[in-house]
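Peer 1: please work out how this folds:
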Amino acid sequence: MEFLDLAPIAGVNGSVALPGSKSISNRTLLLAALCQGSTRVLGLLASDDTERMLEALTALGIKIEQIGNSRDFIVHGCGGEFPVKQADLFLGNAGTAFRPLTAALAFAGGDYRLSGVPRMHERPIGDLVTGLQQAGCNIEYLGNEGFPPLQIRPGSVTSNRIAVKGNVSSQFLTGLLMAIPLTQRDMTIDVIGELISKPYIEITLNLMAKFGLKVERKSWNEFFIPGGQSYTSPGEIHVEGDASSASYFLAAGAIGGGVVRVEGVGSDSIQGDKRFADTLAEMGAVITWGPNWIEAAPPASGQLTAIDVDLNHIPDAAMTIAIAALYAKGTTTIRNIESWRVKETDRLSAMATELRKVGATVVEGQDWISVTPPEALTANAEIDTYDDHRMAMCFSLVAIKGVPVRINDPKCTAKTFPTYFEELARIAN
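Peer 2: Down below sits the predicted model:
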């Protein structure tokens with residue numbers, strides 16, 4: 001296995017231009033594909049996840065043009081009718097592609113097979129499929145019940161009401177919201193139980209509105225989509241910098257003795273993960289906001305303070321708080337994060353295992369984790385990353401404060417941030 005040995009980093013200082021948001025990139029690509037007219041998508045993330053979405057849309061007959069060598073694209077919409085009615089789509093481990101495409105293709109009147117890497121076939125999709133089947137869609141499992149791969153065949157919409165569980169993945173609701181306008185029918189979605197990761201639904205609703213769609217959110221448990229609507233191109237849309245990726249550099253500023261600015265996300269962002277900065281501030285970090293940037297610096301005391309916090313609203317960025325806990329006085333507890341268990345890996349188990357390697361005392365619950373830092377971090381720990389980009393980026397921060405660390409399979413960061421380690425090296429003192 002490939003590995004990367006990170007030398008001790010004495011401190012950090014500087015600014016980082018963030019890559020585009022994965023969540024916004026793949027939502028925007030699908031909406032642009034479904035709309036009437038052509039859309040210029042500016043600043044699209046270059047990553048494995050977006051490549052899988054681009055490949056899938058192309059296979060479905062969507063014409064997509066890259067503008068030179070830039071990350072700007074022109075997507076020629078299909079007006080809600082995919083030209084290709086039979087396709088076999090491989091979507092890797094891209095949940096932001098797999099879940100919304102499942103919903104859109106369920107209403108597309110074609111024969112489609114959707115598959116991914118082995119880990120994707122372990123990530124649940126049953127709640128989404130059940131909701132689609134309630135509406136009359138024809139979907140079958142090709143492997144284990146409740147999990148990909150899937151076979152989708154033409155069905156007929158027979159219901160105006162869909163129920164979906166909200167406590168496993170917000171991507172299920174996102175997929176339904178984005179796909180239901182294709183039916184041209186009035187439709188109500190009932191969310192059963194607590195809806196996790198609400199800020200990601202806010203991203204979905206915000207982007208749908210930019211493409212001309214009206215959704216009535218009567219509560220977080222009931223959404224009404226009026227029929228007879230079609231997606232229309234906004235002409236041009238710019239992809240914000242990725243707020244989840246910002247978390248690593250903001251944490252580096254909070255623990256690394258310097259000031260780090262992330263550019264591309266700020267107070268004007270539509271992404272909920274910008275609130276990671278508020279959590280760092282609770283730990284004592286000095287946070288400064290601009291409309292399109294955020295800065296982080298260490299506390300005046302030089303050390304963060306442990307917190308007990310519910311981070312259900314920012315589960316991806318919450319992982320970085322578990323690393324910041326290594327540099328905080330006291331025991332940090334992160335709660336209401338059971339969704340970690342169905343991500344690219346079982347992140348609760350993985351974080352607990354790897355944090356112990358660097359000397360932390362860790363207690364893991366079904367939906368929470370507590371981290372107590374050691375007096376001194378263990379040098380030269382070999383961190384396994386479980387083919388999970390966030391594990392690799394999180395544990396790179398162990399090198400800050402002068403502790404060398406080995407990151408196994410560092411190229412897994414290609415899922416969202418292929419140049420992550422180069423950017424970290426650039427701001428290292």
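Peer 1: report how many residues lie close to S21.
Peer 2: A count of neighbours around S21, defined by other CB atoms under 10 Å, yields 30. Using the backbone N, CA and C atoms, a C-beta is placed for each residue, glycine as well.
Peer 1: what sits against it?
Peer 2: 45, 239-244, 265, 271 (CB atoms under 8 Å, 6 or more residues apart in numbering).
Peer 1: and the two most separated of those?
Peer 2: Greatest spatial distance among the contacts of S21 (CB to CB): V239 and S244, at 13.5 Å.
Peer 1: just the buried ones from the contacts of S21?
Peer 2: The neighbour count (16 or more other CB atoms under 10 Å) marks 45, 239-244, 265, 271 as buried among the contacts of S21.
Peer 1: now the closest residue to R40 other than its chain neighbours: how far from M283?
Peer 2: If the residues on either side of it in the chain are set aside, R40 comes closest to E236, at 4.4 Å by CB to CB, 6 or more residues apart in numbering. Relative to M283, E236 is positioned 39 Å away (CB to CB, to the nearest Å).
Peer 1: I'd like to know how far the residue nearest to R40 sits from T28.
Peer 2: Distance of E236 to T28, given as CB to CB: 11 Å.
Peer 1: more neighbours: which of the two?
Peer 2: Set E236 next to T28 and count neighbours by other CB under 10 Å: T28 wins out with 28 against 12.
Peer 1: phi first, then psi, for the nearest residue in space to G116 that is not next to it in sequence.
Peer 2: Nearest residue to G116 in three dimensions, chain neighbours excluded: L91, at 4.8 Å (CB to CB, 6+ apart). When read as degrees, to the nearest 10, the backbone of L91 gives phi -120, psi 20.
Peer 1: is it true that L91 touches Y112?
Peer 2: No: at 11.2 Å, L91 does not count as touching Y112 under the criterion of CB atoms under 8 Å.
Peer 1: could you give the number of residues near the closest residue to M53 other than its chain neighbours?
Peer 2: Leaving aside its sequence neighbours, M53 sits nearest to A97 (CB to CB, 6+ apart; 4.3 Å). By other CB under 10 Å, 31 other residues sit near A97.
Peer 1: wait, A97 sits on N26?
Peer 2: Yes: A97 lies in contact with N26 (CB under 8 Å); the separation is 5.5 Å.
Peer 1: centre of the chain to the helix or strand that contains N206, how far?
Peer 2: Applying DSSP states H and E as the criterion places N206 in helix 198-210. From the chain centre to the centre of helix 198-210 is a distance of 13 Å (CA atoms, centre = their mean, to the nearest Å).
Peer 1: over to stretch 105-122?
Peer 2: Stretch 105-122 sits 19 Å away from the centroid of its parent chain (CA atoms, centre = their mean).
Peer 1: how near is F417 to S245?
Peer 2: 5 Å.
Peer 1: next one: A46
Peer 2: Counting by CB to CB, the gap from A46 to S245 is 12 Å.
Peer 1: repeat that for T183.
Peer 2: 35 Å.
Peer 1: go on, G80?
Peer 2: 32 Å.
Peer 1: those two: which is more packed in?
Peer 2: Set side by side, G80 and S245 show more neighbours around S245, with 31 against 19, by other CB under 10 Å.
Peer 1: am I right that that one sits in a helix?
Peer 2: Yes: looking at S245 with DSSP: H, G, I helix; E, B strand; the rest coil, it is inside a helix.
Peer 1: residue ranges for the strands of the stretch 301-429 of the chain, please.
Peer 2: Counting by DSSP state E, counting those that start in this stretch, the stretch 301-429 of the chain has strands at residues 304-305, 308-310, 328-329, 332-335, 361-364, 368-372, 381-383, 405-408.
Peer 1: and these: which comes nearest I196?
Peer 2: If we rank those by CB to CB, the stretch that ends up nearest is strand 308-310, at 11.0 Å.
Peer 1: hmm, who's touching the closest one?
Peer 2: Outside strand 308-310, the residues touching it (CB under 8 Å, 6+ apart) are 279, 282, 321, 332-336.
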